[in-house]
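[1] 3D, please:
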Amino acid sequence: MNPTKQYRCMHSACCLCTAGHLTEEIIFLVFNQLNWNPKLIAAFSCTCKWFDDLAKRILWKEFCKTRAPKMMLDLQSNGSHSVDGNWRALGKLLIYCSGCNKDGLFKSNQIPGHFVYRTRFSRTSGKSFLLPQCRTDVLYVSDPCEHLDQGDDGDVGFFRGIFKSFVTSKVRKMLIRKSAPLHPTEVCPYCKAKLWNMLAAKMVPSSASCRLGAYEDCIEYYVCLNGHMLGICTLLPLSDTDEVASEDDG
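    Prediction:
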């Protein structure tokens, strides 16, 4: 890209560098060769509005489909359109642990957000986070991202997830029926939508702590209007047997 045009992209809210761009087809082929590198997609999106629009429509979708193909296929099945239009948010959810701020969400120690190379999301695990009357809903939840010795009470775990067809889910209907309030200030770190506090709504089942390996009274999670989920827990300490097993696995 011409340096002058690139500068204009970086310093203007409205990108004017429509002339001289590579075609969408060429950019598609280039990023396909790069295996839809999310850091590069994010970096170029910050410098050029034209590229950012392309990334939202195509590149983040291809990244998600490549990173979690079975999960993406399920999320879009049965006529579900809850993912369409939110590919960038979903891409960020797949690879980014949001952390927490002691003055904001979770009100815990300051633990910065960070890129996660790979995370396993499980539909089976998701059922552990749903009340029995809501377990026909489909929720994909990640394994906890462990931050050792960073919480007030020991090891902290962050987890995140996404509902399939959240608009028609039993969880959403129950939240509305309960008149559960939305958080007055905090928003979803992935899509900026408002959040429901599942703990305040008394919708955190005891099975969640078993799945996370966490203390039962030290779990908190939120669900946003778009069906993204994020949470924090205090992890149980490993037993001597667990430590030996971990060393053997390594």
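[2] can you map out the helices along this protein?
    Using DSSP state H, the helices of the chain run over 3-10, 24-33, 38-47, 49-54, 60-67, 69-75, 87-95, 123-127, 170-177, 207-212, 240-249.
[3] Give me the domain ranges for the chain.
    3-67, 101-240 (automatic domain parsing).
[4] how distant is the longest one from the center of its chain?
    Centroid displacement of domain 101-240 relative to its chain, using Cα atoms, centre = their mean, to the nearest Å, is 10 Å.
[5] In terms of mean pLDDT, which of the domains of the chain ranks lowest?
    With a mean of 76, domain 3-67 has the lowest mean pLDDT of the domains of the chain.
[6] How far does that domain sit from its chain's centre?
    That offset, for domain 3-67, works out to 21 Å (Cα atoms, centre = their mean).
[7] just to revisit the earlier point, can I get the helices of the chain in TSV including distance to Leu139 and mean neighbour count?
    No exception for glycine: its C-beta is placed from N, CA and C like everyone else's. Below are the helices of the chain laid out as TSV (distance: least, Cβ to Cβ, whole Å; neighbours: other Cβ atoms under 10 Å):
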stretch	distance to Leu139	mean neighbour count
helix 3-10	38	13
helix 24-33	30	13
helix 38-47	23	16
helix 49-54	29	18
helix 60-67	17	19
helix 69-75	11	15
helix 87-95	13	23
helix 123-127	3	17
helix 170-177	8	16
helix 207-212	11	19
helix 240-249	27	9
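[8] Tabulate these (CSV), appending distance to Lys192.
    As requested, the helices of the chain are arranged in CSV below (distance: least, Cβ to Cβ, whole Å):
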stretch, distance to Lys192
helix 3-10, 22
helix 24-33, 25
helix 38-47, 16
helix 49-54, 15
helix 60-67, 16
helix 69-75, 20
helix 87-95, 8
helix 123-127, 23
helix 170-177, 18
helix 207-212, 25
helix 240-249, 37
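[9] that older thread, among the domains of the chain, which is nearest Ser77?
    Minimum separation from Ser77 across those (Cβ to Cβ) falls at domain 101-240, 8.1 Å.
[10] how close does the residue nearest to the spatial centre of the chain get to Val171?
    In the chain, the residue lying closest to the centroid (Cα atoms, centre = their mean) is Leu93, at 2.3 Å. Leu93 sits 17 Å away from Val171, taking Cβ to Cβ, to the nearest Å as the criterion.
[11] check contacts around Lys107.
    Cys100 (Cβ atoms under 8 Å, 6 or more residues apart in numbering).
[12] For Glu186, see how far away it is.
    Taking Cβ to Cβ as the criterion, Lys107 is separated from Glu186 by 10 Å.
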